[in-house]
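Q: Let me see the structure of the following:
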Amino acid sequence: MDLRQLRHFITVAETLHFGRAAERLGMTQPPLSQSIMALERELGAVLFLRSKRVVSLTAFGRQWLDHVRPAVENIAALSDIAEQLKKGRAGRLALSFVSTADYSVLPKLVERYSSAFPEVELDLMEATSDVQVEALLDGKIHAGIVIAARSALPPTLEYRPLLTEPLVAAVPELWVESGQLDLTDGALEADQWMAKPLIIFPARVAPHFHELVVGFYRSKGYHPFIQQEAIQMQTIISLVSAGLGIALVPASLQHLARTGVRYIPIAGNVPVLETGLVWRKADDTPTLSTFIEIAAALNGEEQSAFMR
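A: Below you'll find the model as predicted:
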C-alpha cells in the first residue's frame, strides 16, 4: 500500500467511474484498475462493486474512505508544514523571563510575536536569571529574558539588550503620610531613606541586580540594612506594602499598582538596570531566529519610550 494507491482509491470513490477517474488522474484505465485490485488484495477486502454500467462502494469501502481521505490530506500537508517549520512560522518556542519583565518588555514582545506567528506554540515560564541560564545550558528552553551582567554569562550564550531603565524607590504609603519621608521636591534624597530597612533580591539568584543596589548605597556612604530578601518582585512589593521596608525597583514596575505602596523617583545620579535576551549560540531553531528579530525591533521602541 502506498500513497499513489490511496489517491487512486479516493478518486474512483469520488467519481464512481474508472474511466473518469483515470482521466482526472492523468493515466489510462487499465493501470488504474490494476492498482485498485492490488490494493484490495493487500487489504483482503473488496472496495468496489463493479458491473458493466455501475461502480459503487462496498460497505467496507465507504467506511474506509472516511479514514483514508483525512490521512492523505495530512500527508499532502507535510511539505507545507516542513516549509513553515524551516521559516520559523510553526513549531515551538520555550521562553523564560524574570518577574520584572512582566511589567516592561514581556507583554508587548509576546503580543507582537504571537500576532506575527500565530501557529507557533509559545511556552512561557517565569524564573530567576540563574535558573534561566542553567535551563539554557541544559537545552530546556530556547531563550530567556534576564537581568545579568553580559560579562558574567557563559561563553556559549549570546546576549542582546532589550531595555535599560532607571531604578525608583518603592516605599510604604504610610511612611509618606506620616512624614517619615520628605517629598517636597518630588524625589528622595539619600539621607531620607538609605538608613531605613531594605527589601532586595538575594545575591545568589540575582547577583547583578543585588550588586547594583548595594553598590549604589556604598557610593553614597551607606551600608544597607537588609530587612528581607525575596526572589519575586511581586513578593517584594507586597512586603513594602506591609511596611517592612523600602525597595529599589525598575521604573517599569510602576505598572504594578499595589495598595499601600508609593513609587518615588530617586534624586541625583540614579542607577540603571538592563534587561536582556539570552540564548545559546549553537541553537539554530527557526522559531528562535524569528523571535530574536522581533525582539531586536522592539528594543529600539522601548528605549525611545523611556527617553520621552
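Q: Please make it C-alpha for all contacts and neighbour counts, starting now.
A: Noted.
Q: ranges for the helices of the stretch 1-150 of the chain?
A: For the stretch 1-150 of the chain, the helices defined by DSSP state H, counting those that start in this stretch cover 3-15, 18-25, 29-43, 59-86, 105-116, 129-137.
Q: Which among those helices is found nearest to Glu189?
A: helix 105-116 (29.0 Å; CA to CA).
Q: out of the helices of the stretch 1-150 of the chain, which comes closest to Ala94?
A: helix 129-137 (10.0 Å).
Q: Mean neighbour count, the helices of the stretch 1-150 of the chain: which tops it?
A: helix 129-137 (a mean of 19; mean count of other CA atoms under 10 Å).
Q: what's the average pLDDT for that helix?
A: The average pLDDT for helix 129-137 rounds to 94.
Q: tell me what it is packed against?
A: Judged by 3 or more CA pairs under 8 Å, 6 or more residues apart in numbering; DSSP states H and E, helix 129-137 is in contact with strand 91-97, strand 143-146, strand 272-280.
Q: and with 7 Å instead?
A: Secondary-structure packing of helix 129-137 (3 or more CA pairs under 7 Å, 6 or more residues apart in numbering; DSSP states H and E): strand 143-146.
Q: Run through the neighbouring helices and strands of the helix or strand hosting Thr235.
A: Using DSSP states H and E, Thr235 maps to helix 233-241. Judged by 3+ CA pairs under 7 Å, 6+ apart, helix 233-241 is in contact with strand 157-172.
Q: Quick check: mean pLDDT of the strand it packs on?
A: Confidence over strand 157-172 (mean pLDDT, whole number) is 95.
Q: List the strands paired with that strand, with their directions.
A: Next to strand 157-172 in the sheet, as set by DSSP bridges, lie strand 247-250 (antiparallel), strand 261-264 (antiparallel), strand 272-280 (antiparallel).
Q: what's the last one in contact with?
A: Read that as strand 272-280. Strand 272-280 is contacted by residues 136, 142-147, 156-167, 250 when judged by CA atoms under 7 Å, 6 or more residues apart in numbering.
Q: Residue most distant from the centroid, this protein?
A: What lies farthest from the middle of the chain is Lys52; by CA atoms, centre = their mean that is 62.0 Å.
Q: Identify the bridge partners of Val272.
A: Judged by DSSP bridges, the bridge partners of Val272 are Pro166.
Q: Compute the number of surrounding residues for it.
A: As a burial measure, Val272 scores 16 neighbours (other CA atoms under 10 Å).
Q: what's the answer for Leu181, then?
A: 18.
Q: List the contacts of it.
A: Shown in contact with Leu181 (CA under 7 Å, 6+ apart): Trp175, Gln192.
Q: that's a strand at it, yeah?
A: No - counting by DSSP: H, G, I helix; E, B strand; the rest coil, one finds Leu181 to be coil, located in no strand.
Q: Distance of it relative to Leu49?
A: 93 Å (CA to CA, to the nearest Å).
Q: now do Val270
A: Val270 sits 86 Å away from Leu49, going by CA to CA.
Q: what do you get for Leu157?
A: Computed as CA to CA, the Leu157 to Leu49 distance reads 65 Å.
Q: more crowded one of these two?
A: Under the criterion of other CA under 10 Å, the comparison of Leu157 against Leu49 puts Leu157 first, with 17 against 13.
Q: The spatially most central residue of the chain pairs with what?
A: A centroid search over the chain (CA atoms, centre = their mean) returns Leu95, at 4.1 Å, as the residue closest to the centre. For Leu95, the beta-bridge partners under DSSP bridges are Leu124, Ala143.
Q: Show the contacting residues for it.
A: Asp123, Leu124, Met125, Ile141, His142, Ala143, Gly144.
Q: 6 Å - rerun?
A: Contacts for Leu95 (CA atoms under 6 Å, 6 or more residues apart in numbering) come out as Leu124, Ala143, Gly144.
Q: Contacts only, for the last one.
A: If I follow you right, that is Gly144. Leu95, Ser96, Phe97, Leu277, Val278.
Q: Tell me what the last one is bridged to.
A: In this structure, Val278 has beta-bridge partners Gly144, Tyr159, where bridges are defined by DSSP bridges.
Q: picking that back up, of all the helices of the stretch 1-150 of the chain, which one is nearest Arg262?
A: Nearest of the helices of the stretch 1-150 of the chain (CA to CA): helix 105-116, 22.1 Å.
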